[in-house]
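Peer 1: Sequence first, predicted model second:
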Amino acid sequence: MAVLMRHMWCLAALAACGMGAASGGGTDHLPVSGAGPYGDIGDQPVVFADPGADLTSPTAIALEGGGFRIWYARAGEIWRVDLGDGPGPAGEPAPALAADRAWEAGAVGNPSVTPAPGGGLLMVYEAAGQVGAARSNDGVAWMKDAAPLGDGHDPSAVYAGDELFVYVADGGAIRRLGGDVVLSASTDPLAFDSAAVAEPTAAFGTTVAGRRWIGLFYVGANAAGRTLIGFAGSGDGATFTRPPRGRPILAAPSIVSERGPAPVVLSDRAYLFYNRVKSGRWAIAAALSTTP
Amino acid sequence: MRATLLLAAVAVRAHANPVDAFGFGARGPAMAGAQTAATDDGGANYYNPGALALGDDIRIDLGYQIAKPYLKIGGGDQGVDSSRGLALSLTAPGDVGPVHLAVGLAVFLPDERITRTRTLPSARPRWALYDNRPQRLFLASNLALRVGDDLYIGGGIAYMSRTGGAIDLEGRLGFPDPNDSNFTLDIDVTLKTIRYAQAGVLWRAQPWLLVGASFRGGFVLALDQGFRIHGDLGPAGSPVVKDGFFELHSLAFDLFQPEQWAAGFALQLTPRVLVSGDVTWQRWSAYENPAARIQISYDLKQLNDIVHIVAAPPLEKAYFHDTFVPRLGVEWLAARSPHAAWRVRAGYAFEPTPAPEQRGELNAVDNDKHTFTAGFGVSLSDVTRVLVHPFDIDAYVGATYLPPRTHRKLSLTDPVGDYISEGLVLMAGVGTRWRF
C-alpha cells in the first residue's frame, strides 16, 4: 500500500481561536448555521492524502469523544479513516466496502453516510450509475441491501426525523432519488455554478426555534469548468434556495478547484471536508465555518 | 470610464454611553436611575442639571463603578467587555446678586480605554447596546440657577470628538516591480469636537414633592476616512496607465446615543421614606442601519474593462423603534444618630428593547432588560475637624436580567441561522460625597 501522508491538526484548538473574531470582547462563541462561509484551517488545508491514489467523495461524521470518521472512494472501493480532533495520531485507513454484487459491475464509489433514526448508520453509494445502500451498527462492518435503490450519480442521504431524503446528480442538476429536480444550474451567467450542479451532500438540523432545516452542499461548475462548493437551504427538502448573492461558501485561490463537500454541522461550529488537488492527486482537505 | 460604487454591510456601530447604560454615581444607580426629580448629588450633571442648584455647599463626588455583562447568543458567552471607571463630579454653587446658581462638571473616566470604536461586519452578531456603548468617556458641564424659591433650571453640554481624515498618495506605482514606485504621501486627520445639549428643570411643587423633567440630546460618532492613490501605473517613461486614480471613502458610525426626554417625581412619603419614579422616552427610531458605507471611485483608463468591483446590495434597515423606560426607586432612612444617618435604597427599571427580532442579515442583537438594584448610604457629620460638613459614603449593587429572546431568520441559508439571545449584567459601585 502506498505511503499515506497525514497532517495532524487541531481542529478544536483552531475553532476555539474564533476564526474571524474581532479584537476586544463581544464576539466570542458566535453561532453559525453551517451554511458558510468556510475558511481553510491554517495554511495546510489538506488533512489526508495518498500519493498513490485519488481520494474522492468524502463523507464524514463526528465521533463521540472527538474526532471524525471519514469514508471516501479510492480505486473502486470505499475506505474509511479516523481523523483526530487533537494532536494525537489518527486511525489507520481501512477498506470499508467493496463491490461484490453483480449489479455493481466491479466498483463502488461516491459514498454518503448518515446516522439512522433507530441508531446505526446508513450508507448510500454509487455503482454502475445506480444507488446502493448499506447499513452498519459501528461504522466498520456494513450489510448491503439486496437491491439498488434506483438510478443516479453522487448520491447523498439524510434522515429528517424518520423521513429519508436521498439526492442524486443527474444531467447537470440535482434531484431527489426517483423524484423531481430540486436544484438546477444558476441562471446568472457570471455565477460560479452557471454550467452545472452536482455532487450533492445533504445535512439536516433543527434550529433553536424548532424549525426543520435541510441544507444541500453541492459542487457548482462554471463555463470554464472550474468547480467550487455552494450551498442551498430548504425547509421541506423539495424546494431549495441559494443565498441572496449565491456565492461559493469556500473561497479558494483562483487556480484551485473544489469538489466533494462533506459537512459536519455541530451545535456551535461546522466543518467542511472536501476534495482539492495536492501533488496531482485528489486529497481530502478541511475547512471551518467562519463568523460572517 | 469612471466607476463609482457604493459598498455597504461592512461595519457596525454601537450605542450611547456608559452612564446611559449603568447610571452615574452611587446613589442614582442604587435607585435604578429614577433620579430626574430625586437627584441630589453630582449625578445631577447627568440626570437633571437643574438639580445642581439645590444645595449651597461646594461638593465633590468621587466614586468607582463597574459593570460586567454575561451575555449569550446561541448559547455561547460573547465575552462582552466590562465597563469600569472613575466617576467624578464637581458642583460649585454661588450667588450673583439675587440669583442663586451653580456650575457642575462630571466625568466618567473608563480605566481600560478612553473610548473604543470599532467596525464589524454587519452580519456578525453583536450586543448592539453593550458592544461599544459602555466603552467611552462621558464628560459634561452644566450651569443651573434657582428661579424664585421652588424652581430650578439647568443645562449644559456633553462632549465627544469625531474623526475625519484622508490619506493621499500621489505619484507612480511601479508595475510589475512595486519597488520602482515613486510616491508622495499626504496624511490629513482631524479630531473634531462634538457637543450635544442637555437640560433639566426641577420644581418643588410641595414641601414633600419634587417633579422634574430633563432632556439629553442625541449623538452619533462619525468616522470619516478616505484613501486616494493618484498617478501612473507602470515603468517610468512608459506607464501602462497614465493619470489614473483609485479612491476609497469610508464613513462609519459609532456610539449612537438616542435623544432622551425624561419626567419624574420624588415623593417624600414619610420623613423616612422617599419614593421616586421616572419615565424616559428614548428616540431609538433615529438609529439607522449600523453598517458603514464605503464608496469606491476609480479610473484605470484602458484597464477599466477588466477591473470589475461588484457592488453590494442596499443596506437592510435596522427598524429600531422608540421606547419608554419606566424606573422606580425608594430610599429609606433606616437609622439616625447625632453623627450618622443610614439610608437603604432599592430600585427597579424596565427597559424594553428598541431592536426588533433580527430576521435578516443584520445582527444588532438586544433584549428587554429588567434591572434590580439595591444600595445603602451613610452620611457622617462632625467626624473630624477638617470636614465640617457631612461626608457621605454610598454603595450599590445591581443586576440586569435579559430574558431569552428567539431570533428566527427569514432565510434558511443565513450564515448565522436562528439563535436565542439572553444574559445578565452585574453592576456595583461605591461613591463618596465631600461638602465644603
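Peer 2: Arrived safely, thanks for sending.

Peer 1: Point out the residues in the stretch 301-436 of chain B that sit beside chain A.
Peer 2: B:313, B:361, B:406-409, B:411-420 (C-beta under 8 Å from any C-beta of the partner chain). The C-beta positions use only the backbone N, C-alpha and C, and glycine is treated the same way.

Peer 1: Inside strands: which ones of these?
Peer 2: Per DSSP state E, strands hold the following members of those: B:Thr406, B:His407, B:Tyr419, B:Ile420.

Peer 1: In contact with the third one, which residues?
Peer 2: In this case it means B:Tyr419. B:Tyr419 makes contacts with A:Pro31, A:Val208, B:Ile73, B:Gly74, B:Pro125, B:Thr406, B:His407, as judged by C-beta atoms under 8 Å, 6 or more residues apart in numbering or on different chains.

Peer 1: centroid residue for chain A?
Peer 2: Centroid check for chain A by C-alpha atoms, centre = their mean gives A:Ala262 as the closest residue, at 1.4 Å.

Peer 1: Figure out the helix or strand that that one lives in.
Peer 2: strand A:259-265 (DSSP states H and E).

Peer 1: so what strands line up beside that strand?
Peer 2: Strand A:259-265 has the following sheet partners, assigned by DSSP bridges: strand A:270-278 (antiparallel).

Peer 1: Next, the residues that contact the strand it pairs with from outside, please.
Peer 2: Taking C-beta under 8 Å, 6+ apart as the rule, strand A:270-278 contacts A:11, A:32-34, A:36, A:38, A:45-47, A:49, A:55-58, A:60, A:68, A:70, A:217, A:229, A:249-250, A:252, A:256-264, A:282-289.

Peer 1: By mean pLDDT, flag the weakest helix or strand of the chain.
Peer 2: If you meant another chain, say so; for now it's chain A. helix A:11-16 (a mean of 38; mean pLDDT, DSSP states H and E).

Peer 1: B:Gly79 belongs to a strand?
Peer 2: No: per DSSP: H, G, I helix; E, B strand; the rest coil, B:Gly79 lies outside any strand segment and is coil.

Peer 1: so how many other residues sit close to it?
Peer 2: 17 (other C-beta atoms under 10 Å in any protein chain shown).

Peer 1: pretty sure it contacts A:Asp28?
Peer 2: Yes: if you go by C-beta atoms under 8 Å, B:Gly79 and A:Asp28 touch, sitting 4.0 Å apart.

Peer 1: Any quick PyMOL command for the buried ones out of the contacts of strand A:270-278?
Peer 2: PyMOL command restricting the contacts of strand A:270-278 to the buried ones, with burial defined by 16 or more other C-beta atoms under 10 Å in any protein chain shown:
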select buried, chain A and resi 11+32+33+34+36+38+45+46+47+49+55+56+57+58+60+68+70+217+229+249+250+252+257+258+259+260+261+262+263+264+282+283+284+285+286+287+288+289
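
Peer 1: Sort out for me which of the contacts of strand A:270-278 are in strands.
Peer 2: A:38, A:46-47, A:49, A:56-58, A:60, A:68, A:70, A:217, A:229, A:259-264, A:282-289.

Peer 1: Backbone dihedrals for B:Lys305, please?
Peer 2: Quick fix: residue B:305 is Asp, not Lys. phi -70, psi -20 (degrees, to the nearest 10).

Peer 1: Look up how far chain A lies from it.
Peer 2: Per C-beta to the nearest C-beta, to the nearest Å, B:Asp305 is found 15 Å from chain A.

Peer 1: State the helix or strand in which B:Ile309 lies.
Peer 2: Per DSSP H and E, there is no helix or strand for B:Ile309.

Peer 1: And for it, the neighbour number?
Peer 2: 11.

Peer 1: right, and it touches B:Ser297 too?
Peer 2: No: the criterion here is C-beta under 8 Å, and B:Ile309 misses it with B:Ser297 at 10.4 Å.

Peer 1: Would you mind writing the CA trace of stretch B:354-374 as PDB?
Peer 2: This file holds the C-alpha atoms of stretch B:354-374, laid out as PDB (Å, rounded to 0.1, in the frame of the first residue of the first chain):
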ATOM      1  CA  PRO B 354     -35.700  49.100  20.800                       C
ATOM      2  CA  ALA B 355     -34.400  46.400  18.500                       C
ATOM      3  CA  PRO B 356     -36.700  44.100  16.500                       C
ATOM      4  CA  GLU B 357     -36.100  40.400  16.300                       C
ATOM      5  CA  GLN B 358     -33.100  40.000  14.000                       C
ATOM      6  CA  ARG B 359     -34.500  38.200  11.000                       C
ATOM      7  CA  GLY B 360     -32.400  39.500   8.200                       C
ATOM      8  CA  GLU B 361     -28.700  39.800   7.500                       C
ATOM      9  CA  LEU B 362     -28.100  42.400  10.200                       C
ATOM     10  CA  ASN B 363     -27.500  41.000  13.700                       C
ATOM     11  CA  ALA B 364     -27.800  44.000  16.000                       C
ATOM     12  CA  VAL B 365     -28.900  42.000  19.000                       C
ATOM     13  CA  ASP B 366     -30.700  43.300  22.000                       C
ATOM     14  CA  ASN B 367     -33.300  42.100  24.600                       C
ATOM     15  CA  ASP B 368     -35.700  43.600  27.000                       C
ATOM     16  CA  LYS B 369     -34.000  44.400  30.300                       C
ATOM     17  CA  HIS B 370     -35.200  44.100  33.900                       C
ATOM     18  CA  THR B 371     -32.900  45.900  36.300                       C
ATOM     19  CA  PHE B 372     -33.000  45.300  40.000                       C
ATOM     20  CA  THR B 373     -30.800  47.400  42.300                       C
ATOM     21  CA  ALA B 374     -30.000  47.900  46.000                       C
END
